[in-house]
Each structure stands twice: as structure tokens, then as C-alpha cells.
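Asks: When you get a sec, could you give me coordinates for this:
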Amino acid sequence: MKRKSTKASHFAVCINNEGYKASLEVGKLYRVIPDAEAASHGYIRVVDESGEDYGYAAGRFFPLEVPQALADALQIAR
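Replies: Have a look, this model is predicted:
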């Protein structure tokens, strides 16, 4: 039997959408795209409501690590 990966997927919950009400929803879980350069400037890159990934101030989000099995169950694209 093939074992599923236990690698965690990174997600973040929006806690502040001020100025970005069309792009971000407070309380919604967003997929995080790893971006070391953005992080070095205090930003986090997420796939927003447009379906594209953009950088936002990291303080707008509460980061989470979601087990891959849960990400798969939620049918969230990686």
C-alpha cells in the first residue's frame, strides 16, 4: 500500500482585509505560495479572490500548517 505524504501544506487565514475588500475575505483560508523575497520584506504571497497569487502584508494573515491529507480532502489545489 502506498503511503500518502505527511508533508504539510501552508495556508493562512485573513484577519484584516482593510483596503482589499474585493481581494480578501476576513476569516477565509488562503493558500500560501512560498516566496522568500516577499517574506524578507514582511509580505506573504497568497492566492486571493482573483485566483492569482499576490503579496500582502504578512500582518493581514494568521499562518497555519494544514496536513496534506486535509488539504486533499478540501480539494484545495496545490
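
Asks: Remind me which helix or strand the closest residue to residue 32 other than its chain neighbours belongs to.
Replies: Once flanking residues are discounted, residue 32 sits nearest to residue 10: 4.2 Å by CB to CB, 6 or more residues apart in numbering. In short, each C-beta sits where N, CA and C put it, glycine included. Residue 10 belongs to strand 8-14 when elements are defined using DSSP states H and E.

Asks: Determine the set of other helices and strands touching that strand.
Replies: strand 29-33, strand 61-67, helix 68-73 (3 or more CB pairs under 8 Å, 6 or more residues apart in numbering; DSSP states H and E).

Asks: Please indicate which of the ones you listed has the most neighbours on average?
Replies: Highest mean neighbour count among the helices and strands packed on strand 8-14 (mean count of other CB atoms under 10 Å): strand 29-33, with a mean of 19.

Asks: Using CSV, write out every CA atom in the helix or strand just after it.
Replies: Of the helices and strands lying after strand 29-33 in sequence (DSSP H and E), the nearest is helix 36-40. Presented in CSV, the C-alpha positions along helix 36-40 are these (Å, rounded to 0.1, in the frame of the first residue of the first chain):
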residue,chain,number,x,y,z
ALA,A,36,11.5,34.1,0.4
GLU,A,37,12.0,37.6,-1.1
ALA,A,38,8.5,38.7,-0.2
ALA,A,39,8.9,37.3,3.3
SER,A,40,12.2,39.3,3.7
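
Asks: Thanks again, I'm all set now.
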